[in-house]
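Visitor: From the sequence below, what's the structure:
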Amino acid sequence: MSQAELPPGVQVLERGWLSSNSVLFLGAHSTALVDSGYCAHAEQTVALVAAALCGRPLDCLVNSHLHSDHCGGNAALQGRWPALQTLIPPGLAPQVAHWDPVALGYEPSGQRCPRFRYDAPVLPGTEIELADRAWQVHAAPGHDPDSVILFEPGSRTLISADALWENGFGVVFPELDERDAFGEVGATFDLIERLGPRWVIPGHGPVFRHGAEVLARARDRLRAFVQRPDRHAHHAAKVLLKFKLLECRQMLFIDYVQWAAGTPQLQRIHRRFAPALAFGDWIDQLTQELVRSQVLRRVGESVHDA
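Guide: Numbers count the residues shown, from 1 in each chain. Presented below is the predicted three-dimensional model:
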């Protein structure tokens, strides 16, 4: 869609899947960015934002949630603009303040996130001014317990993060830790339906026009996962494996298996959902499935991102 269909002063920096989309706001007196992508793209993120600002400083950074692909560029942005005010959902604020990469989920998922500071929470039930418009902040638990979504009622524009994509939604990570979160995903879908957005800026993928069929697809997918939690876990494991190759581009397969064996989240999925298979055989099976789906390639003793 064209930028003209978004509110004035809003630019979407579409990034793909390793890094989340970033949303830039250019107001009359202030600028802001929602989400900063993964740390491997941090230099690119700073360059893209600086080019779009045309000499203006970046005043405010808002994180929809604290997964590494959404906040991995925070530190680089804070380094480039030292006066930058950073707002995060409140749930993990103490862990950010004291920097606990285990509690924040970075080490358990085998991902990286440079330490950053935060200045204030972005609180559900409040409004935040972005590009001279008041955006509502709504709690959107499910994919992440503390995730928020932002809604501008005048243009009916929704920043959905990973709560809703055009063809699905993000992995429901709390379920992997045996926390009942599928119900929260459904409640977030109900919230989005009540908001009635016209345009949705997702955490990944292009901006799309919202219609009833979008939530229908998402609810069908959710029902399938509720009925077969093992399928959700299987999908989540493949997402983690794919993410690693998005970052590294290629690895010796033996190193890939070794990395997976040292990733606690993959270990937990294996113990809970695939204990009959040896860990290395399970990773090999998942990798073969990703190759058949043409998202990875096996070349000799190596595995490559496709």
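Visitor: all strands for the stretch 51-200 of the chain, in order.
Guide: In the stretch 51-200 of the chain, the strands defined using DSSP state E, counting those that start in this stretch lie at 60-62, 85-88, 120-121, 127-130, 133-139, 148-152, 157-161, 199-202.
Visitor: Adding mean neighbour count and distance to residue 24 as columns, could you present the ones you listed in JSON lines?
Guide: All C-beta spots, glycine's among them, are computed from the backbone N, C-alpha and C. Output for those, formatted as JSON lines (neighbours: other CB atoms under 10 Å; distance: least, CB to CB, whole Å):
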{"stretch": "strand 60-62", "mean neighbour count": "24", "distance to residue 24": "11"}
{"stretch": "strand 85-88", "mean neighbour count": "21", "distance to residue 24": "15"}
{"stretch": "strand 120-121", "mean neighbour count": "14", "distance to residue 24": "20"}
{"stretch": "strand 127-130", "mean neighbour count": "18", "distance to residue 24": "10"}
{"stretch": "strand 133-139", "mean neighbour count": "19", "distance to residue 24": "14"}
{"stretch": "strand 148-152", "mean neighbour count": "24", "distance to residue 24": "13"}
{"stretch": "strand 157-161", "mean neighbour count": "27", "distance to residue 24": "12"}
{"stretch": "strand 199-202", "mean neighbour count": "23", "distance to residue 24": "11"}
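Visitor: Columns distance to residue 293 and mean pLDDT on top of the ones you listed, output as CSV?
Guide: What follows is those, written out as CSV (distance: least, CB to CB, whole Å; pLDDT from 0 to 100):
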stretch, distance to residue 293, mean pLDDT
strand 60-62, 34, 99
strand 85-88, 34, 98
strand 120-121, 39, 98
strand 127-130, 37, 98
strand 133-139, 34, 98
strand 148-152, 29, 98
strand 157-161, 25, 98
strand 199-202, 21, 98
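Visitor: out of those, nearest to residue 77?
Guide: Nearest of these to residue 77, taken as CB to CB: strand 60-62 at 5.9 Å.
Visitor: For the closest one, name the packing helices and strands.
Guide: In terms of contacts (3 or more CB pairs under 8 Å, 6 or more residues apart in numbering; DSSP states H and E), strand 60-62 is packed against strand 31-34, helix 74-80, strand 85-88.
Visitor: Can I get these in TSV including distance to residue 101?
Guide: Putting these into TSV (distance: least, CB to CB, whole Å) gives the following:
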stretch	distance to residue 101
strand 31-34	23
helix 74-80	13
strand 85-88	15
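Visitor: deepest of the ones you listed, which one?
Guide: Among these, ranked by average contacts under mean count of other CB atoms under 10 Å, first place goes to strand 31-34 (a mean of 26).
Visitor: which secondary structure elements does that one contact?
Guide: For strand 31-34, the helices and strands in contact under the criterion 3+ CB pairs under 8 Å, 6+ apart are strand 22-26, strand 60-62.
Visitor: Pass me the low-pLDDT residue ranges in the stretch 51-200 of the chain, would you?
Guide: Low-confidence regions of the stretch 51-200 of the chain, defined by pLDDT under 70, are absent; no residue qualifies.
Visitor: which residues in it form helices?
Guide: 68-71, 74-80, 93-98, 173-176, 182-195 (DSSP state H, counting those that start in this stretch).
Visitor: contacts for the longest one?
Guide: Here helix 182-195 makes contact (CB atoms under 8 Å, 6 or more residues apart in numbering) with 138, 140-143, 145, 149, 151, 153, 156, 158, 160, 163-164, 169, 172, 174-175, 215, 218-219, 222, 225-226.
Visitor: between it and strand 157-161, how big is the angle?
Guide: For the pair helix 182-195 and strand 157-161, the angle between their directions (axes from the mean of the first three to the mean of the last three CA atoms, to 10 degrees) equals 170 degrees.
Visitor: Flag the shaky bits of the stretch 201-306 of the chain, pLDDT-wise.
Guide: Regions of the stretch 201-306 of the chain meeting the criterion pLDDT under 70 are absent.
Visitor: Tell me where it has helices.
Guide: In the stretch 201-306 of the chain, helices defined by DSSP H, counting those that start in this stretch lie at 212-227, 229-248, 253-261, 264-273, 279-292, listed in chain order.
Visitor: Show me what the last one is packed against.
Guide: Using 3+ CB pairs under 8 Å, 6+ apart as the contact criterion, the neighbours of helix 279-292 among helices and strands are helix 229-248, helix 253-261, helix 264-273, strand 296-299.
Visitor: Report the buried residues of it.
Guide: Counting neighbours by 16 or more other CB atoms under 10 Å, one finds that the buried residues in helix 279-292 are 279, 282, 283, 284, 286, 287, 290.
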